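Colleague: Generate coordinates for the sequence data below:
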Amino acid sequence: MSQVDELVKVVREAQADKGNIVVVTGKPGSGKSKVLREAAQEMKWTYIDCRMLISEEFLAIPAADRGLYAPDLFTEILEGYNAEVIILDRLQTLFVPVFHINTDSLMRKLSKKFTIVAAWPGYRDHGYLCYDKFDGSEAIRISPDGFRVWNVE
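Modeller: As a prediction, this is how the structure comes out:
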């Protein structure tokens, strides 16, 4: 079974269980983005580079309020695709401190309307999904409770 087939199976299982978030993990260069793009093409799923979510409308929101308004704004953008499965790649775009986005709560909110498949740019540590700043200090640590985590080999 190819990695694309494995991912499709995991996404279908997540949809059946109403666990609408699949997090794809793997070392840098492991092929996460490649598998996601291929699955999107094969299954006609919507592939979004998260950089596309950072619109002028989003940037016009005062920095301190962005975290509050981002989930509704991003939901509105994604609804325009009229898609059941949304693949979010380059998730680290949303980790930029000046955006004030809680990525965990954002994904959970989006998953109420869509099945979210997200490439996790960090690593797993003691069961948590983690992401480090460029200086090596931990920036993000979230619990994957309620997520399906699938690893690209």
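Colleague: Let's see stretch 30-41 as PDB, backbone CA atoms only.
Modeller: Written as PDB, here are the backbone C-alpha positions of stretch 30-41 (Å, rounded to 0.1, in the frame of the first residue of the first chain):
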ATOM      1  CA  SER A  30      10.400  13.000   4.800                       C
ATOM      2  CA  GLY A  31       7.900  13.800   2.100                       C
ATOM      3  CA  LYS A  32       4.900  15.100   4.100                       C
ATOM      4  CA  SER A  33       4.100  17.800   1.600                       C
ATOM      5  CA  LYS A  34       4.500  15.500  -1.400                       C
ATOM      6  CA  VAL A  35       2.200  12.900   0.000                       C
ATOM      7  CA  LEU A  36      -0.400  15.600   0.900                       C
ATOM      8  CA  ARG A  37      -0.200  17.100  -2.600                       C
ATOM      9  CA  GLU A  38      -0.600  13.700  -4.200                       C
ATOM     10  CA  ALA A  39      -3.500  12.700  -2.000                       C
ATOM     11  CA  ALA A  40      -5.200  16.100  -2.700                       C
ATOM     12  CA  GLN A  41      -4.800  15.500  -6.500                       C
END
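Colleague: Could I get the buried residue list for it?
Modeller: 32-33, 35-36, 38-40 (16 or more other C-beta atoms under 10 Å). In short, each C-beta sits where N, CA and C put it, glycine included.
Colleague: Repeat that for stretch 87-107.
Modeller: 87-95, 99-104, 106-107.
Colleague: Can you pull out the residues in contact with it?
Modeller: Here stretch 87-107 makes contact (C-beta atoms under 8 Å, 6 or more residues apart in numbering) with 21, 32-33, 36-37, 39-40, 45-51, 53-54, 63-67, 70-71, 74, 116-121, 131, 139-140, 142-143, 147.
Colleague: Relative to Val10, how far out is Met1?
Modeller: 11 Å (C-beta to C-beta, to the nearest Å).
Colleague: So between these two, which is more surrounded?
Modeller: Just comparing Met1 and Val10: by other C-beta atoms under 10 Å the higher neighbour count belongs to Val10, 16 against 7.
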